[in-house]
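*Asks:* fold the following, please.
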Amino acid sequence: MKTTKMMKSKKWFAATMVAGMALSASVGAYAASNVETIKAQLNHGLGFVVNGQAYTPKDAAGKSLDPIVYKNTTYLPVRALGEALDVPVTYDAAGQKVIVGTKNNTNNPGTPGGQQTGLTTITYTAAQKAAAKQAFAQFQGFEAAYAPMQMTTNDQFRSVAAGGDSVTYVFNNMKVAIAPRDDSFGYDLTPVTLSNGVKGNWYKPGDQNMLTFPVGDRFVTIWSDNGSLTKTQIEAVAVHVEKASF
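*Replies:* Numbers count the residues shown, from 1 in each chain. Sure thing, here's the model as predicted:
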């Protein structure tokens, strides 16, 4: 069987998920004319690795799911893999479609695969720019201001201030901390390459996943306190953190 245990890219996953969809949805009368009965096998011994970590597909009740093998092709549960990759998967009963990612496929700058993440440019007021400059001025050797230039649609910038050895931008749905050091040291890391080629790491010191990556002579960490942002959205925001022309 031509199957690999190491799945390294979301592109590969997306193609496999669509091809081998396993959704718990009723297809109604549509099934009568479009569903074909086949003979396949469940492979109980095939393991998976997602982003360097062992992964077991599970259904909504937490029960382990085994991949199906049909004509030397392995089919995987689309919803379970979508959750593992932090990619939303929905079922459009009226249109009889499985939707991986968002419904719209509009290309946004910095978004992998053209996935819609709803980014919008941040317009800082003069007072907010002054506050950012003042915050960075407190650190000798790191006085130059850096800032996120885009945020997810419907988010709102609230404040920026220095604390400890970092400057943190606070939004309704995320925080962006900029420091002269890497806060991910000592944690279990999941490497990621952003769409602009910058290499970073995901780690989880508490309840929320945090993304850290270098920008110039700084390290940036982004996370969503309320958990409303997906990893894909955070990665899209990440590529727009840069030296500010305040």
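*Asks:* can you give me the helices for this structure?
*Replies:* 10-19, 30-34, 78-84, 126-136, 231-238 (DSSP state H).
*Asks:* so for the shortest one, mean pLDDT?
*Replies:* Spelled out, that is helix 30-34. Over the span of helix 30-34, the pLDDT mean works out to 58.
*Asks:* least confident of the helices of the chain, on average?
*Replies:* Looking at the helices of the chain, the lowest mean pLDDT belongs to helix 10-19 (a mean of 42).
*Asks:* okay, now the unreliable bits of this protein?
*Replies:* 1-33, 60, 88, 91-95, 101-117 (pLDDT under 70).
*Asks:* ok, Tyr124 - contacts?
*Replies:* Contacts for Tyr124 (Cβ atoms under 8 Å, 6 or more residues apart in numbering) come out as 132, 147, 157, 246. The way it works is simple: take the backbone N, C-alpha and C, and place the C-beta from them, glycine included.
*Asks:* scratch that, Tyr146 is what I was asking about
*Replies:* Shown in contact with Tyr146 (Cβ under 8 Å, 6+ apart): 136, 167, 178, 215-216, 218, 220, 241-244.
*Asks:* could you redo those as CSV and give each row distance to Lys231?
*Replies:* Output for those, formatted as CSV (distance: Cβ to Cβ, whole Å):
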residue, distance to Lys231
Phe136, 27
Val167, 23
Ile178, 20
Val215, 18
Gly216, 23
Arg218, 21
Val220, 15
Val241, 16
Glu242, 21
Lys243, 25
Ala244, 25
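*Asks:* what's the spacing between the nearest residue to Gln53 once chain neighbours are set aside and Gly227?
*Replies:* Distance criterion Cβ to Cβ, 6 or more residues apart in numbering; nearest residue to Gln53, sequence neighbours excluded, is Thr190 at 7.0 Å. Separation of Thr190 from Gly227 (Cβ to Cβ, to the nearest Å): 17 Å.
*Asks:* one more: Lys175?
*Replies:* From Lys175 across to Gly227, the span is 12 Å (Cβ to Cβ).
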